[in-house]
Structure formats: structure tokens, C-alpha cells
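In: No letters, just coordinates:
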């Protein structure tokens, strides 16, 4: 796909010019694509190495607890979830969603 885009750009830029001009433009466009891909790869790698944002995780935790308290089909209190990990809270939100979508499913509290 990228080669095709580089080809279209090169044809447009070198319209009415010789083949050498087209080849130079085409190579230049491919070079720009490679640089963008390298930049995206490096940025992605550096972003994945960042430590998790504490305020973001705290916000997610609050949101997950709010969803659980609002949608739970069983009796439970917020303090019961205080030691749960963020991943466990997310799984419970997903489990509650499954219970809502599947009426015959047993609507039990988590272990």
C-alpha cells in the first residue's frame, strides 16, 4: 500500500518530466515512508516502556468500582473490593456485563 501511495505521489509530482525525475521522486517518497515507520516503531517502543500513570490507574479504579456498584446483580459494598487489583476489577465488570446479557446465568457474588 505504501509503495502504491509513493508511486501515485511520484507520478503526480513528476508529471510532464522525464523518468529519472520520477525515479528520484519515487525513491524520496519511499524514504519518507521508511522514516515514518521507524519513528512510529521507536515511539511505540518508548511509550510501552513508560511506567503506568498513577492518576490514570486511580481514575480507572474509581470508574470500575462505580460500574460494579451500579450494575451488580448481587449484594456487595465498595469496601469489599478495596484490595482488588485493577485487572480483577476489570474482569468483574466484564463478568457483570455477561450476567446482564445472559439472563439464565447464575448471578452470584465473586469469590
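Out: Arrived safely, thanks for sending. Predicted, not measured: the structure shown is a model, and the values here were computed from it.
In: The closest residue to residue 68 other than its chain neighbours sits in which helix or strand?
Out: Among residues not flanking residue 68 along the chain, residue 92 sits closest, at 5.7 Å (Cβ to Cβ, 6 or more residues apart in numbering). Where C-beta positions appear, they are placed from N, C-alpha and C, glycine not excepted. According to DSSP states H and E, residue 92 maps onto helix 86-101.
In: if we look at that helix, which residues are touching it?
Out: 57, 60-61, 64-65, 67-68, 71-73, 81, 84, 105, 107, 110 (Cβ atoms under 8 Å, 6 or more residues apart in numbering).
In: Count the neighbours of the residue nearest to residue 68 for me.
Out: 20 (other Cβ atoms under 10 Å).
In: Show me what the host helix or strand of residue 44 is packed up against.
Out: Per DSSP H and E, residue 44 falls inside helix 19-48. For helix 19-48, the packing partners by 3 or more Cβ pairs under 8 Å, 6 or more residues apart in numbering; DSSP states H and E come out as helix 2-13.
In: ok, back up a step: mind listing what's buried along the helix holding residue 92?
Out: Of all the residues in helix 86-101, those buried under the rule 16 or more other Cβ atoms under 10 Å are 89, 92-93, 96, 99.
In: again with stretch 26-40
Out: Under 16+ other Cβ under 10 Å, the buried positions of stretch 26-40 are 26, 29-30, 33.
In: And for the helix or strand bottoming out on mean pLDDT in the chain, what's in contact with it?
Out: Lowest by mean pLDDT, DSSP states H and E among the helices and strands of the chain is helix 2-13, with a mean of 86. Residues outside helix 2-13 that contact it (Cβ under 8 Å, 6+ apart) are 22, 25-26, 28-30, 32-33.
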